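Asks: Below are the sequence and a predicted model; questions follow.
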Number of protein chains: 6
Amino acid sequence: MQNSEIYLESLITSTPQEGTDLAIKLARKSIAAIQTDLETRKNLRGNYAQDTTQLIASAQVIAVEFQTIAMANNYWKP
Amino acid sequence: MQNSEIYLESLITSTPQEGTDLAIKLARKSIAAIQTDLETRKNLRGNYAQDTTQLIASAQVIAVEFQTIAMANNYWKP
Amino acid sequence: MQNSEIYLESLITSTPQEGTDLAIKLARKSIAAIQTDLETRKNLRGNYAQDTTQLIASAQVIAVEFQTIAMANNYWKP
Amino acid sequence: MQNSEIYLESLITSTPQEGTDLAIKLARKSIAAIQTDLETRKNLRGNYAQDTTQLIASAQVIAVEFQTIAMANNYWKP
Amino acid sequence: MQNSEIYLESLITSTPQEGTDLAIKLARKSIAAIQTDLETRKNLRGNYAQDTTQLIASAQVIAVEFQTIAMANNYWKP
Amino acid sequence: MQNSEIYLESLITSTPQEGTDLAIKLARKSIAAIQTDLETRKNLRGNYAQDTTQLIASAQVIAVEFQTIAMANNYWKP
């Protein structure tokens, strides 16, 4: 499960929008940790990008990850 | 994944209702980050707007995003 | 997406029970923001009010909205 | 939507176990707010009490309501 | 709904691992509150323990309950 | 339900990435607590690693566990 590659050094981002990018990255990394084969993931991708139920479910994952990141950044308050 | 366009400068809104608008925007941006083709998204839209299961699932995503935004705005307390 | 009508001026309610009413209202407004046609929403309503899976999913949305409202009201502590 | 009956005066309970009872009550009230007919709800009940998918989904609603109630009670710390 | 048996005296546990045990217990108690017949629950158990969709949904319930318990224990920080 | 093996001594990790590893571990342990047979779990694994709906649902569980772990670590702020 442990990835030798370092992909997450910090939850801190400069802007909320970069926070959403990081949320998407975390969601993808979770999926990659379960389905470790890159080719399989690419093949599966066609499925869910056309299926609104799965797109909405993906947005739910991103929303939870974004909440965590927003907390870490104290909501990017000035 | 990174969008060059700036669409999220701040989580702060003037009113809770604007907070709900922002929550909906964040939910849509998550979906757009996965299904990047605008035409495909438009075509898919007809599906979920008629399907109560998907409408409810969308409302769940919006609820989580709204919670994050409400926290950021200290619940718009006067 | 922006509604010109003002429907949410504050997350503050007098009692927890009014908080649950507001949670339900927020959930409905999210759905109305996606399916904007009132007649279509009325027609769809018959579906989910008879379907326990969808009733439970609706209750999940309400639970998240209620948590946000409860936080905003400091849990209506005296 | 507004119920004239008062069913939720406070989120405060004496014990965590009473907190779980209240969480279940809140989940039921959410469903009753959407499916307002008592007879229909009783008939539907047979469905989901035999269906593990729906039982698990119900437990998810209860878990979120319980988290809110636990926060309100400062986790019943002595 | 009220169970006369006392099964939850406190959310405090000695270790995070005991916290996960308590989270699983709370999830089970929620299901038992809805499907009150022990024999029926035993029969249903075979279903979901073989169905990965339901196993994942169960893990989601446990994750939310564990979050509440972790908050109550201040994350078991020394 | 209680596992005699100690697998979770602390929620504290050195880095956010180790936090995601721990989140995945917690999610797996929840599933193992329900489906206790290792061989069955291995056989079931083939199912969900090919099914995007289940991969996304798994990522949702991991996101909630990660949020808890991130809170415990005060978001790994320096």
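Replies: Okay, I see it. Values in this document were obtained by computation on a predicted structure and should not be read as measured data.

Asks: tell me the mean pLDDT for the longest helix that chain A contains?
Replies: Longest helix of chain A, by residue count under DSSP state H: helix A:52-72. Helix A:52-72 carries an average pLDDT of 97.

Asks: From the chain's centroid, how far away is that helix?
Replies: Chain-centre distance of helix A:52-72: 8 Å, with Cα atoms, centre = their mean, to the nearest Å.

Asks: quick check, it touching chain E?
Replies: No: applying Cβ under 8 Å from any Cβ of the partner chain, one finds helix A:52-72 separated from chain E by no less than 10.1 Å. Just so you know, the C-beta spots here come from the backbone N, C-alpha and C atoms, and that holds for glycine as well.

Asks: Could you check the angle that helix makes with helix F:52-72?
Replies: 10 degrees (axes from the mean of the first three to the mean of the last three Cα atoms, to 10 degrees).

Asks: So which elements touch helix A:52-72?
Replies: Packing partners of helix A:52-72 (3 or more Cβ pairs under 8 Å, 6 or more residues apart in numbering or on different chains; DSSP states H and E): helix A:16-34, helix A:38-48, helix B:16-34, helix B:38-48, helix B:52-72, helix F:52-72.

Asks: got CSV for those, with distance to D:Thr53 and mean neighbour count too?
Replies: As requested, those are exported to CSV (distance: least, Cβ to Cβ, whole Å; neighbours: other Cβ atoms under 10 Å in any protein chain shown):
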stretch, distance to D:Thr53, mean neighbour count
helix A:16-34, 21, 21
helix A:38-48, 20, 13
helix B:16-34, 25, 21
helix B:38-48, 21, 13
helix B:52-72, 13, 24
helix F:52-72, 12, 25
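
Asks: In a markdown table, list those along with distance to E:Ser14.
Replies: Shown next, in a markdown table, are the helices and strands packed on helix A:52-72 (distance: least, Cβ to Cβ, whole Å):
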| stretch | distance to E:Ser14 |
| --- | --- |
| helix A:16-34 | 30 |
| helix A:38-48 | 40 |
| helix B:16-34 | 39 |
| helix B:38-48 | 46 |
| helix B:52-72 | 31 |
| helix F:52-72 | 16 |
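
Asks: With respect to C:Ala23, which of the ones you listed lies nearest?
Replies: helix B:52-72 (8.9 Å; Cβ to Cβ).

Asks: If I follow the layout properly, A:Lys29 ends up in contact with A:Glu5?
Replies: No: checked against Cβ atoms under 8 Å, the pair A:Lys29 and A:Glu5 is beyond contact range at 9.9 Å.

Asks: picking that back up, quick check: which of the helices and strands packed on helix A:52-72 is nearest to A:Ala63?
Replies: helix B:52-72 (4.0 Å).

Asks: Give me the angle between the closest one and helix B:16-34.
Replies: Using the same axes, to 10 degrees, helix B:52-72 lies at 120 degrees relative to helix B:16-34.

Asks: tell me the angle helix B:52-72 makes with helix B:38-48.
Replies: Going by the same axes, to 10 degrees, helix B:52-72 makes 110 degrees with helix B:38-48.

Asks: Among the helices and strands packed on helix A:52-72, which comes closest to E:Gln17?
Replies: helix F:52-72 (13.8 Å).

Asks: Of all the helices and strands packed on helix A:52-72, which one is nearest C:Ala57?
Replies: Closest of the helices and strands packed on helix A:52-72 to C:Ala57 is helix B:52-72, at 4.6 Å (criterion: Cβ to Cβ).
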